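In: My questions are about this predicted structure, shown below with the sequence.
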Amino acid sequence: MLSKIRSSVLISTMVASVGVNAQDYLPILQYHHVSTTTPASTSLTPAQFTEQMDYLKDAGFQVVDLKDALEKLKKHESLPNKAVAITFDDAYRDIYLGGFPILKERNFPFTVFINTQPIGRNHHFLTWKDIKEMELSGGVFANHTISHPYMLRKAEDETYDQWLARMSHEVDTVETVLNKQLGHSPKMLAYPYGESDGTIRAMMKEKGIMAFGQQSGVVSADSDFEDLPRFPASGRFAKLSTLKVKLASKPMPLLNEDSGGDFATDKPVSIRLTFKPGKYRLKDLACYVSGQGKASLNWIKKNEVVVTAPKAFGVGRGRINCTMPDYSAKHYYWYSNVWIRPGADQGYVIEKVGKS
């Protein structure tokens, strides 16, 4: 398995000047359910959502249109100071019932990534009438595939080419439906379960679609626009104190990252991080492994560290999150990476090429 490496290009002479009333990065909040009766792990109550939205308003955050903000970042254009974007995954109707009135009252734009198969067929999911009403008040509707599959798993007896064609169909069909029902598509996609690999990301790039994984972090011009991060803000992450830390985050100033690929094995994962030239509080870098506690840090060079998990991940998805305070102590630099540990009978397409 080849290394997964992303090289950030130093383009300081090309970047527009960012003043005190602008920023060159974007935290994006991710939600699923706004309800008191849905699974706690992916939900927050309307009262909790109201508390979060009131905080955004009272603290002076500028809730921006996601597509517009991403296009600006790609072109190295600045965003408003304290810019943030709001997103939902899946086409649950409680987004309309529990979340939309709160957003509409505050005139906040938002994006919903919809899986189209259940729309209008199941009373737990949105209807096109709901969607069109929400669109009139700042809602943008984007791609979450037709059926919400594990995109890296082949069906039984499916060939590689058949799998790839099926995944392309899952994406293309939703684009067609969005254009038919709404007259347009923002050409953005959230990977179901956050899972992608080099082949799927290359597919998104070829189709001109910006896509989101399930790692946390802040988007900047250096981000991989076929595997963008977001901050979950529901379930155990719904507390306002937790949200405040994420909203004050900046992208980790990385020159390179090498994680060995998208898949974990029966060995502990590790990732090599190389920092851009600059003055940072590297001694205060801390990395945590999901379900395991602190990762070990082995500094290879002054600006290069290997972060290693204490033990191997179990089957499923695991991640390492790293944070580092900036010199103002008002913000944290934030970085996250996710690996998949495939089960023997899950049919994962394990390619030998990682992210580039």
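Out: Sure, I can see it.
In: just the helices in the stretch 1-150 of the chain please.
Out: For the stretch 1-150 of the chain, helices defined by DSSP state H, counting those that start in this stretch occupy the ranges 46-58, 66-74, 93-94, 100-106, 128-135.
In: Now do the SS call for the residue of the chain most remote from its centre.
Out: Each residue of the chain has a distance to the centre, and by C-alpha atoms, centre = their mean the biggest one is for D157: 31.6 Å. Of the three states, D157 takes coil according to DSSP: H, G, I helix; E, B strand; the rest coil.
In: now the one 5 residues further on
Out: The three-state label for Q162, taken from three-state DSSP, comes out as helix.
In: How many residues are close by it?
Out: Burial measure for Q162: 12 neighbouring residues, criterion other C-beta atoms under 10 Å. For glycine as for every other residue, the C-beta is placed from the backbone atoms N, C-alpha and C.
In: Tell me which residues touch it, please.
Out: Residues counted as contacts of Q162 (C-beta atoms under 8 Å, 6 or more residues apart in numbering) are K154, A155.
In: where does it land on pLDDT?
Out: At Q162, the model reports a pLDDT of 97.
In: Please name the nearest non-neighbouring residue to E156.
Out: Leaving out its chain neighbours, the residue that sits closest to E156 by C-beta to C-beta, 6 or more residues apart in numbering is G347, at 7.1 Å.
In: That neighbour reaches M151, doesn't it?
Out: No. Applying C-beta atoms under 8 Å as the test, G347 and M151 come out as separate, 11.7 Å apart.
In: neighbour count winner among those two?
Out: M151 (22 against 16).
In: Quick check: that one vs D284, distance?
Out: Separation of M151 from D284 (C-beta to C-beta, to the nearest Å) stands at 37 Å.
In: likewise E257?
Out: 19 Å.
In: Domain map for this protein?
Out: Here the domain parsing of the chain from automatic domain parsing is 14-249, 255-341.
In: F108: what's it in contact with?
Out: F108 neighbours (C-beta under 8 Å, 6+ apart): M53, L56, V63, I86, G138.
In: what about 10 Å?
Out: 53, 56-57, 61-64, 84-86, 102, 137-138 (C-beta atoms under 10 Å, 6 or more residues apart in numbering).
In: Only the buried members of these: can you turn that into a ChimeraX selection?
Out: What follows is the ChimeraX syntax selecting those of these that are buried according to 16 or more other C-beta atoms under 10 Å:
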select :53,56,61,63,64,84,85,86,102,138
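In: and of the contacts of F108, the nearest to L29?
Out: Nearest to L29 among these, counting by C-beta to C-beta, is I86 at 5.3 Å.
In: Residues in a beta bridge with the nearest residue to the closest one once chain neighbours are set aside, which ones?
Out: Leaving out its chain neighbours, the residue that sits closest to I86 by C-beta to C-beta, 6+ apart is F110, at 4.3 Å. On the basis of DSSP bridges, F110 is bridged to G139.
In: same question, S296
Out: Residues in beta-bridge contact with S296 (DSSP bridges): T308.
In: Report how many residues lie close to it.
Out: That count, for S296 with other C-beta under 10 Å as the rule, works out to 14.
In: Please apply the same query to E206.
Out: By the measure other C-beta under 10 Å, the count of residues near E206 is 10.
In: try the one 10 residues further on
Out: Per other C-beta under 10 Å, the neighbour tally for S216 reads 22.
In: Pretty sure it sits against Y288.
Out: No. With contacts counted by C-beta atoms under 10 Å, S216 stays clear of Y288, the gap being 11.3 Å.
In: what residues are shared contacts of these two?
Out: Counting by C-beta under 10 Å, 6+ apart, the residues touching both S216 and Y288 are R319, N321, S336.
In: Most neighbours among those residues, please name it.
Out: S336 (21 neighbours).
In: Could you pull up the residues touching that one?
Out: Neighbours of S336 in contact, by C-beta under 10 Å, 6+ apart: 213-218, 229, 231, 252, 287-288, 290, 319-323.
In: What about these, which are in strands?
Out: V218, F231, C287, Y288, R319, I320, N321, C322, T323 (DSSP state E).
In: Most neighbours out of the residues you listed, which is it?
Out: Counting neighbours by other C-beta under 10 Å, V218 leads the ones in strands among the contacts of S336 with 26 neighbours.
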